[in-house]
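S.K.: The sequence and its predicted three-dimensional model are supplied below.
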Amino acid sequence: MPPALKEPLPACETIVECSNLSFRYGKTWVLEDVSFSVPKGESLCVIGPNGGGKSTLLKLLLGLEEAERGSLKILGKSPEKARSKIGYVPQAMRFDPLFPITALDIVLMGRLDRLRIGGFSKNCKAIALEALAEVEMADTAKRAFADLSGGQRQRVMIARALACEPELLLLDEPTANIDLSIEEQFIETLQKLRKKMTIMMVTHDLDLVSLLGDSVLCVNRRIHRHSLPLSGDTIREIYSGGRRIEHDQRARHNHGDHSACDHD
Amino acid sequence: MTELFDALENFSFMRYALFVGILSSFTFGVVGTFIVTRRISYIAAAISHSILGGIGASIYFNRVYGLEWLTPMLGAIAAALISAGVIGWVTLKFKEREDTIIAAIWTCGMTAGLLFIHYAPGQAVNLESYIFGDILLTSWSDVIATVVLAVLVLGLVGLFYHKLVAVCFDEEFTSLRGVSSKLYYFLLLGIVGICMVLLVRVAGIVLSIALIVLPAATASRFANRLWSIMILAVILSVIYNIGGLAFSFQMSVPTGFFIVVTAGVVYALSFCFKRRKN
């Protein structure tokens, strides 16, 4: 059994430590002075409007982009060096439906590493099968990936991430391509995982935030963090940018700029 | 068939041709499966045509500067690897002009080869044998080269099979696992390049793409795992090669034509059957 799937983790160490992180595409700042930390065992939901910097934050966490300023440490290492301990579940996987590959083959990709040559060991196959069982997909191991439903594919993607034996599970819009009929089952899977590992999840699904998050990070160039549970109205206010405006006003006030302050 | 067995017993060139045909089939089946599933047939075609540039250049420099070590096979390998490298770089860097640049490599490689051959002094070069192939012209040195290249290609695929599959299916995730997807994409194109060099002797530059793609494309309609497609493609390639050799010997027609027409007909017939699903 893979260690990451064995026992619930004690929430004591810091998995992600991000301080004063800034990133820009060309002249446009996408993230500015972003600071947050994620303790071990926490489930953190990342929400915000489109173009607010959620995906960029995810890319920075995966080491696919490099920050302009600030520091980002995952398990005390740079994201690139910590990659092997990150399980990543992409939003919507574009794949060739004619590509002849089974669910198990895909989950085994989670066992790839730079130095491996030749086939996968029995231990790797056992870990992959265990990961599939964890997401209740063990019976589909030999089925073609293209023949699975959207929800089943997404669970296979989670199993692939689990096969990496991750310390941190990153999910990008996990329910985006799942129809309502199977969403409940999928959320149950995520709730089970939430008790066992640290999760960061980018989502637009506000109900999912309420069900799965310990806290929520609102990203819209800057960030604002909230503990959960929050009422649906508050989440919607954050999501629509209300809190960001409030946060920006506070930040400008702290820097001596009172033009945006309410003088009444 | 009896004539074929008699010919195999009496003529060494027939034995060489049969051996090269069967051994190459393993390479074509395995590499063809990657080409078909990764959908890079047009890249393989561009590499195969650019090979003529290397063959022409090697003949020219061999004759003009007396570089005897520079054989057409060596020139073909160099051209295949260079064009595979350039195409790989272009597809990764300039996706928006990918098709244009591949077409340029395709045509420029081939015309450069024709120019070199045109200006090469001495005996006229049998251009037809390079363009359409003639497995019956296989020499002992071709057999050795085929063995070396087949062992190299199959060895590389065996060692890095899972990484090549991962790169073909999901480049982003492969990179996140610390495996350089660019490196393995270049490796795949390099393997395709070497395979196309092997094909030049069997089917020639023009027909080679059909021989590498059609068996794997046919197999992919009846098998649903990558390895099972490879096995079926190898079996089909062996049948086409032996059949082509026997028929061409019997009817005195070029082997490559028969192989490609048969492979094309079988592929067309495969559409009469429903694609296999799990």
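M.R.: Good, I have the coordinates.
S.K.: what residues are up against the residue nearest in space to the middle of chain B?
M.R.: Nearest to the geometric centre of chain B sits B:Met196, at 2.6 Å (C-alpha atoms, centre = their mean). Contact analysis of B:Met196 by C-beta atoms under 8 Å, 6 or more residues apart in numbering or on different chains lists B:44, B:47-48, B:51, B:80, B:208, B:212. From N, CA and C alone the C-beta is placed, and that goes for glycine too.
S.K.: what would these look like in JSON lines with distance to B:Phe173 and pLDDT?
M.R.: Below are those laid out as JSON lines (distance: C-beta to C-beta, whole Å; pLDDT from 0 to 100):
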{"residue": "B:Ala44", "distance to B:Phe173": "25", "pLDDT": "92"}
{"residue": "B:Ile47", "distance to B:Phe173": "27", "pLDDT": "93"}
{"residue": "B:Ser48", "distance to B:Phe173": "31", "pLDDT": "92"}
{"residue": "B:Ile51", "distance to B:Phe173": "34", "pLDDT": "94"}
{"residue": "B:Ala80", "distance to B:Phe173": "29", "pLDDT": "95"}
{"residue": "B:Ser208", "distance to B:Phe173": "33", "pLDDT": "86"}
{"residue": "B:Ile212", "distance to B:Phe173": "28", "pLDDT": "92"}
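S.K.: Next secondary structure element downstream of the helix or strand hosting B:Ile117?
M.R.: Assigned by DSSP states H and E, B:Ile117 belongs to helix B:98-119. The helix or strand immediately downstream of helix B:98-119 is helix B:127-131, counting by DSSP H and E.
S.K.: Show me what that following helix is packed against.
M.R.: helix B:41-65, helix B:181-220 (3 or more C-beta pairs under 8 Å, 6 or more residues apart in numbering or on different chains; DSSP states H and E).
S.K.: average pLDDT across stretch A:58-69?
M.R.: Averaging pLDDT along stretch A:58-69 gives 91.
S.K.: hmm, who's touching it?
M.R.: Contacts for stretch A:58-69 (C-beta under 8 Å, 6+ apart): A:16, A:20-24, A:31, A:46, A:56, A:72, A:74, A:78-80, A:82-83, A:86, A:88, A:170, A:172, A:200, A:202, B:175-176.
S.K.: for it, how far is the first residue from the last?
M.R.: The first residue of stretch A:58-69 is 16 Å away from its last residue (C-alpha to C-alpha, to the nearest Å).
S.K.: what comes up buried for it?
M.R.: Under the neighbour-count criterion of 16 or more other C-beta atoms under 10 Å in any protein chain shown, stretch A:58-69 has A:58-65, A:67 buried.
S.K.: Could you do stretch A:85-96 as well?
M.R.: Neighbour counts over stretch A:85-96 (16+ other C-beta under 10 Å) mark A:85-91, A:93 as buried.
S.K.: Identify the residue nearest the residue in the stretch 1-150 of chain B that chain A sits nearest to in space, chain neighbours excluded?
M.R.: Nearest residue of the stretch 1-150 of chain B to chain A (C-beta to the nearest C-beta) works out as B:Thr37 at 5.6 Å. By the measure of C-beta to C-beta, 6 or more residues apart in numbering or on different chains, the closest residue to B:Thr37 outside its immediate chain neighbours is A:Phe99, 5.6 Å from it.
S.K.: for the one you found, what are its contacts?
M.R.: By C-beta under 8 Å, 6+ apart, the contact list for A:Phe99 reads A:145-146, B:37, B:168-169.
S.K.: Can you tell me the SS state at it?
M.R.: When classified by DSSP: H, G, I helix; E, B strand; the rest coil, A:Phe99 comes out as coil.
S.K.: Next: A:Asp33.
M.R.: strand.
S.K.: I'd assumed A:Ser19 was in contact with it.
M.R.: No: with contact defined as C-beta atoms under 8 Å, A:Asp33 does not reach A:Ser19; the gap is 9.1 Å.
S.K.: Could you tell me which residues touch both of these two?
M.R.: Common contact partners of A:Asp33 and A:Ser19 (C-beta under 8 Å, 6+ apart): A:Gly70.
S.K.: What residues does chain B have near chain A?
M.R.: Counting by C-beta under 8 Å from any C-beta of the partner chain, chain B comes close to chain A at B:37, B:39, B:158-163, B:165-166, B:168-170, B:172-180, B:220, B:223-226, B:228-229, B:277-278.
S.K.: which non-adjacent residue is nearest A:Met197?
M.R.: In this structure, A:Met197 finds its nearest non-sequential neighbour in A:Leu169, 5.5 Å apart by C-beta to C-beta, 6+ apart.
S.K.: So the one you found belongs to a strand, correct?
M.R.: Yes: using three-state DSSP, the assignment for A:Leu169 is a strand.
S.K.: Tell me the pLDDT of it.
M.R.: 93.
S.K.: low-confidence ranges in chain A?
M.R.: Applying pLDDT under 70 to chain A flags residues A:1-12, A:177, A:179, A:181, A:228-264.
S.K.: which strand residues sit across from the residue positioned nearest the centre of it in the sheet?
M.R.: Chain A has A:Leu170 as the residue nearest its centroid, 2.6 Å off, counting by C-alpha atoms, centre = their mean. Beta-bridge partners recorded for A:Leu170 (DSSP bridges): A:Tyr88, A:Met200.
S.K.: about what we covered before: am I right that the residue of the stretch 1-150 of chain B closest to chain A is in a helix?
M.R.: Yes: checked against three-state DSSP, B:Thr37 lies within a helix.
S.K.: Might one say that it is in contact with A:Pro97?
M.R.: No: judged on C-beta under 8 Å, B:Thr37 makes no contact with A:Pro97 at a distance of 11.6 Å.
S.K.: which of those two has more neighbours?
M.R.: Under the criterion of other C-beta atoms under 10 Å in any protein chain shown, the comparison of B:Thr37 against A:Pro97 puts B:Thr37 first, with 22 against 8.
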